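# structure for this input, please:
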Amino acid sequence: MYADAVWDRVGTESDELSFNVGDVVEILDMSDDTWWQGNVQEKSGWFPSSFVRLRVAQDEEDEVYSVPPDAVQMVGATLPRISTMPAGDPAYATYSRSSHSNRRMTIRRKDSCPSLPRKLTPTEVRSKVVEEIINTERDYVKHLEDIIEGFLKKCRLNSKLFDRESVETIFSNLESLYEFQLDFLHQLEARVSPHHMEDSQIGEVFVACRRGFEVYSEYCNNHPHAVNEMCVLQKKEQYAFFFESCRLLRNLQNIPLEGFLLLPVQKICKYPLQLSELLKYTSEDHPDRAGVEAAVEAMRLVATHINEGKRRLENIGRIGKWQEGIDGWKGPDIVETSTEMIHSSELHKISKGHSQERHFFLFDNQLIYCKKEAIGGRLSYKGRLSMDKCQIIDLPDGQETHNGLPVRHAWKMDNKTKGKDYIIFSKSPEVKSKWMDAFRREKERVAQDKASGFSVSLKMKRAAAALCSSTTAAVSAAKRRKSFNKKQVLRVTALSESVDSGIRTKIEASPARERKGKFSIFF
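Modelled structure (predicted):
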């Protein structure tokens, strides 16, 4: 019998099994409701049964059944002849031991046996899936409550160690997230049939609460900053002691606060997986079928929205870092208006009869152009254009001239606000084509953000830029240390070889009797 892993599992004891989401687990023993024995990639061990989902369609030729301890006597008479059975005999049995249960017997049969456990039907599996969704939601809400009561509120009370900004950075909107999840849990429980779990209709609850799940966007976007803040604080003994005291007072698992703060990020990513499993075992004529289908799509959109927000925030950090490398910057910071760089290249700009080579950078909402210095190659700020105030006009080759020569691969940027226009031209039609495509994508991006209501607070933008700068600095420092250590090793090695060579030369140049007297201690 086989099962699919639905959660990551890390064994804490030598006889426990570790696996990742999606792994196929061969079930060896399931006589205990809580702990099962299984095999993954030739490694066997025990694991919580709630971490896997039994497959409905099992291979009839290799089914695994478990016999509880009180059934051992029933098959005991069979054991003496098993050792003498021919290899092709249809049945055999083995014993297995575990620290989690008493001695059990696992029987593998190729033929069916009415006295042994049967395979679960799709309806029964659906019941198990619904039960697991409810149970994991209850556990998750309890974890959130533990974080708030055990850590967040304690941090707020200790104003000597934590100011308001630090608490917000670490915990973000966790309290809002908890309130939403508690209400969501109550709605789920109201749609569950306790005595007939398979009849439960919970799909519509996910659809109805789809907007509420957007509370995760802020939390997930802030999570890297929370990790960074914790890394800084944990280096100080007083903070490490404080967090450990909070954990012990709440009697929580022996994992750091960073581990608890990761739970919401993991949870929102697992909803599509759980619902896909529920859909797999929901028949076409089940009253919850349409609801579950809609729920799967809704939660996928939520996950996509959150992932897109995270990606955009990372891009904000990058463009904030990019601005630091521009000399003579003027006006608002790049992150105040834009979230990502869309395209860039060197172009020529004709303005007031003069042609200038500039490096152009297209972002959402604005176009920045810089001058590349002849010495050092650094970029210096020269100007910007607001894309929503500019009209891009394609120019056929030869329509415009410069110094009596036709301008090719060009377009005009008409600044409606300032009453100015610029003629831009590239070196080739391929470069122009890429820019035309980039302008189209910029308009689509801005329109999509407006339609979806996507926005990032200026505070979060600045935090992302600061985090990117600090991370880049840390990586650069690590590389310098690595390079320095490598040079030191090479230097010491060279010195060692030089000294060793000198010793050998001196020994070889000494008389035999003198050499023996001086260096006999080494032999």
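# what ranges do the helices span in the stretch 251-400 of the chain?
Here the stretch 251-400 of the chain has its helices, by DSSP state H, counting those that start in this stretch, at 257-280, 289-324.
# how about the CA coordinates for the shortest one, as PDB?
What follows is the C-alpha trace of helix 257-280 in PDB, where atoms were taken according to Å, rounded to 0.1, in the frame of the first residue of the first chain:
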ATOM      1  CA  LEU A 257      10.700  32.200  17.200                       C
ATOM      2  CA  GLU A 258      11.800  32.400  13.600                       C
ATOM      3  CA  GLY A 259      10.400  28.900  13.100                       C
ATOM      4  CA  PHE A 260       7.000  29.900  14.500                       C
ATOM      5  CA  LEU A 261       7.000  33.100  12.300                       C
ATOM      6  CA  LEU A 262       7.500  31.000   9.200                       C
ATOM      7  CA  LEU A 263       4.200  29.000   9.800                       C
ATOM      8  CA  PRO A 264       1.900  31.500   8.100                       C
ATOM      9  CA  VAL A 265       4.100  31.600   5.000                       C
ATOM     10  CA  GLN A 266       4.000  27.800   4.800                       C
ATOM     11  CA  LYS A 267       0.300  27.600   5.500                       C
ATOM     12  CA  ILE A 268      -0.900  29.900   2.700                       C
ATOM     13  CA  CYS A 269       1.200  27.900   0.200                       C
ATOM     14  CA  LYS A 270      -0.400  24.500   1.300                       C
ATOM     15  CA  TYR A 271      -4.000  25.400   0.800                       C
ATOM     16  CA  PRO A 272      -4.000  24.700  -2.900                       C
ATOM     17  CA  LEU A 273      -2.400  21.300  -2.200                       C
ATOM     18  CA  GLN A 274      -5.000  20.400   0.400                       C
ATOM     19  CA  LEU A 275      -7.900  21.500  -1.800                       C
ATOM     20  CA  SER A 276      -6.500  19.600  -4.800                       C
ATOM     21  CA  GLU A 277      -6.500  16.500  -2.700                       C
ATOM     22  CA  LEU A 278     -10.000  17.100  -1.600                       C
ATOM     23  CA  LEU A 279     -11.100  17.700  -5.300                       C
ATOM     24  CA  LYS A 280      -9.400  14.400  -6.300                       C
END
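# packing partners of it?
helix 122-147, helix 164-171, helix 203-208, helix 215-234, helix 237-249, helix 289-324 (3 or more Cβ pairs under 8 Å, 6 or more residues apart in numbering; DSSP states H and E). (C-beta placed from N, C-alpha, C; glycine too.)
# any chance of a markdown table for the helices of the stretch 251-400 of the chain, columns distance to Arg126, mean neighbour count and mean pLDDT?
As requested, the helices of the stretch 251-400 of the chain are exported to a markdown table (distance: least, Cβ to Cβ, whole Å; neighbours: other Cβ atoms under 10 Å; pLDDT from 0 to 100):
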| stretch | distance to Arg126 | mean neighbour count | mean pLDDT |
| --- | --- | --- | --- |
| helix 257-280 | 7 | 18 | 93 |
| helix 289-324 | 10 | 18 | 92 |
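# the ones you listed: which one's closest to Ala464?
helix 289-324 (4.1 Å; Cβ to Cβ).
# tilt between the closest one and helix 215-234?
Helix 289-324 runs at 50 degrees relative to helix 215-234, counting by axes from the mean of the first three to the mean of the last three Cα atoms, to 10 degrees.
# helix 257-280 and helix 289-324, what's the angle between them?
Using the same axes, to 10 degrees: helix 289-324 against helix 257-280 is 140 degrees.
# mind giving me the packing neighbours of helix 289-324?
helix 203-208, helix 215-234, helix 257-280, strand 341-351, helix 458-509.
# contact partners of the fourth one?
In this structure, residues lying in contact with strand 341-351 by Cβ atoms under 8 Å, 6 or more residues apart in numbering are 315, 318-319, 322, 355-364, 369, 372, 400, 402, 407, 420, 422-427, 431, 434-435, 438, 441-442, 445.
# and what of the first one?
Contact with helix 203-208 is made by 184, 187-188, 191, 271, 275, 278, 288-295, 298-299, as judged by Cβ under 8 Å, 6+ apart.
# which intervals of this structure have sub-threshold pLDDT?
Within the chain, the stretches with pLDDT under 70 are 12, 55-119, 469-523.
# domain-wise, how is it divided?
What automatic domain parsing lists as the domains of the chain is 2-119, 123-316, 327-447, 492-523.
# to Gly453, which of those domains lies closest?
Going by Cβ to Cβ, the one of those nearest Gly453 is domain 123-316, 9.2 Å.
# Serialize the helices and strands packed on helix 257-280 to CSV and add fields for distance to Met460.
Shown next, in CSV, are those (distance: least, Cβ to Cβ, whole Å):
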stretch, distance to Met460
helix 122-147, 21
helix 164-171, 11
helix 203-208, 27
helix 215-234, 6
helix 237-249, 24
helix 289-324, 7
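# how about the contacts made by Met413?
So Met413 contacts Leu367, Leu385, Cys390, Gln391, Ile392, Ile393, Asp421, Tyr422, Ile423, Ile424 (Cβ under 8 Å, 6+ apart).
# in three-state terms, label the last one for me.
Applying DSSP: H, G, I helix; E, B strand; the rest coil to Ile424 yields a three-state assignment of strand.
# pretty sure it sits against Ala410.
Yes: between Ile424 and Ala410 a contact is recorded at 6.4 Å, counting by Cβ atoms under 8 Å.
# follow-up on the earlier one: now, of the contacts of Met413, which are buried?
Leu367, Leu385, Cys390, Ile392, Tyr422, Ile423, Ile424 (16 or more other Cβ atoms under 10 Å).
# quick check: which element contains the closest residue to the fifth one other than its chain neighbours?
Closest residue to Tyr422 apart from its sequence neighbours, by Cβ to Cβ, 6 or more residues apart in numbering: Met413 at 4.8 Å. Using DSSP states H and E, the element containing Met413 is strand 410-415.
# chain center to that strand, what's the gap?
42 Å (Cα atoms, centre = their mean, to the nearest Å).
# cool, stretch 208-217 as well?
With Cα atoms, centre = their mean as the basis, the mean position of stretch 208-217 lies at 19 Å from the chain mean.
# one more: stretch 143-155?
24 Å.
# what residues of it count as buried?
Buried-residue list, stretch 143-155, by 16+ other Cβ under 10 Å: His143, Leu144, Asp146, Ile147, Ile148, Gly150, Phe151, Leu152, Lys154, Cys155.
# need these in CSV (columns: distance to Glu13).
Formatted as CSV, the buried residues of stretch 143-155 follow (distance: Cβ to Cβ, whole Å):
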residue, distance to Glu13
His143, 23
Leu144, 28
Asp146, 24
Ile147, 26
Ile148, 31
Gly150, 26
Phe151, 28
Leu152, 32
Lys154, 32
Cys155, 33
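# fine by me, we can end here.
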